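Participant: no letters, just coordinates:
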DNA sequence: ATCAATCATGTGCGCAGCGCACATATTGTC
DNA sequence: GACAATATGTGCGCTGCGCACATGATTGAT
């Protein structure tokens, strides 16, 4: 019985990912982990190449080239960090604008899946999703990977627990 | 409020897609739409290159090359179809075995997300997913695209409605 | 204070997955 | 029988990414 539910979740998950991917490509003209990079850098903490790499789950060179593309598009700036072998990544104004557009488009793409549900059903659905996420045991790094496309304007209190012991 | 739910669904959807992708790459050593192709061809109806193309949402040449890879790996056979300009795609024995492994791995990858829920909650969750899917208006072609990674051993009665008028 | 190990970034190279433009073979239509 | 429509295959190039390697900055051990 659980497998039938898992299969349904597989369908919905695929549909969600497909829709997000479409929006991202329309907005950014790039695919892969590029949209996630824009969101992550957009938090404004000035992540290093290596921190970004871990969150996106890419190789180091892959991340360098990804940032190259974003810089070439004028969406990201490489700045000096305290540690002078590292860099600090920040969004340009245009990058921030596209990030907004991306996050808005993402929600707009997912929303139609929920509208057939009544308000009460949506609440129940949210509660179940919340419980699923809050039951995941993750490190800080894994949590950031899961939330790499999250809309921080909406998700004020992320339900996903993170073991604070784990290294960033 | 709906946006908060949509954001949560976005996270879970991404997690599901990530996990499915990992399993697929482990089993098949290929990414992209390749795993979906294996599942679709595995239904045994002997689809043509063009029918497969529409379901996967790829260009025609992209599909030809995708099938090339599957044939090179000994997973798929190109056979003559009634229409002699078309071909009919079938799985080899090894292809069918890998398809089983892929579908099993897919469910195994999704299942851990559901286990924190009680049986009653899982039932409620399934009912909500079912309602979401059954509310989608899709053509036959779109339905097949949505279900391109579905486990037909589990999903006997697909909830997604399809307009039978639409051309295959 | 120096020097080796470590860390972070960047580069040359190649591969996988896919699309565009084009070529070829078969089918249906008039 | 001529011709548009259909279905497959090919040459070519692009995007996204990993591996192996090189370079500069920092840390730690002596």
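Facilitator: In hand now; what should we look at? Computed from a predicted structure; not experimentally measured.

Participant: quick check: phi and psi on the spatially most central residue of chain A?
Facilitator: Nearest to the geometric centre of chain A sits residue A:149, at 1.6 Å (Cα atoms, centre = their mean). Here is the backbone geometry of residue A:149 (degrees, to the nearest 10): phi -120, psi 10.

Participant: I figured it hits residue A:106, correct?
Facilitator: Yes - Residue A:149 lies in contact with residue A:106 (Cβ atoms under 8 Å); the separation is 6.6 Å. Using the backbone N, CA and C atoms, a C-beta is placed for each residue, glycine as well.

Participant: mind listing what's buried in the longest helix that chain A contains?
Facilitator: Ordering each helix of chain A by length in residues (DSSP state H) puts helix A:2-28 first. Using 16 or more other Cβ atoms under 10 Å in any protein chain shown as the test for burial, helix A:2-28 gives A:3-21, A:23-24, A:27-28.

Participant: can you tell me how far the residue nearest to the centre of chain A is from DNA strand D?
Facilitator: The gap separating residue A:149 from DNA strand D is 13 Å, by Cβ to the nearest atom of the strand, to the nearest Å.

Participant: quick one: that residue from DNA strand C, how far?
Facilitator: As judged by Cβ to the nearest atom of the strand, residue A:149 and DNA strand C stand 20 Å apart.

Participant: now that residue: how far from residue B:150?
Facilitator: As judged by Cβ to Cβ, to the nearest Å, residue A:149 and residue B:150 stand 24 Å apart.

Participant: what about the strands in chain A?
Facilitator: With DSSP state E as the criterion, chain A has strands at A:76-80, A:87-91, A:138-139, A:162-163.

Participant: ok, the third one: who's next to it in the sheet?
Facilitator: In the sheet, strand A:138-139 lines up against strand A:162-163 (parallel) (DSSP bridges).

Participant: how about residue A:138: which residues does it bridge to?
Facilitator: residue A:162.

Participant: count of neighbours near it?
Facilitator: 17 (other Cβ atoms under 10 Å in any protein chain shown).

Participant: equivalent analysis for the one 10 residues further on, please.
Facilitator: Residue A:148 is flanked by 20 other residues according to other Cβ under 10 Å.

Participant: tell me the pLDDT at the closest residue to it other than its chain neighbours?
Facilitator: When the adjacent residues along the chain are set aside, residue A:148 lies closest to residue A:36, with 4.1 Å between them (Cβ to Cβ, 6 or more residues apart in numbering or on different chains). Here the pLDDT value assigned to residue A:36 is 98.

Participant: how about residue A:164?
Facilitator: Here, the pLDDT recorded for residue A:164 equals 55.

Participant: same question, the one 3 residues further on
Facilitator: In this model, residue A:167 is scored at 39, pLDDT.

Participant: same check on residue A:93?
Facilitator: Residue A:93 is assigned a predicted lDDT (pLDDT) of 97.

Participant: check the one 4 residues further on too.
Facilitator: If you check residue A:97, the pLDDT there is 98.
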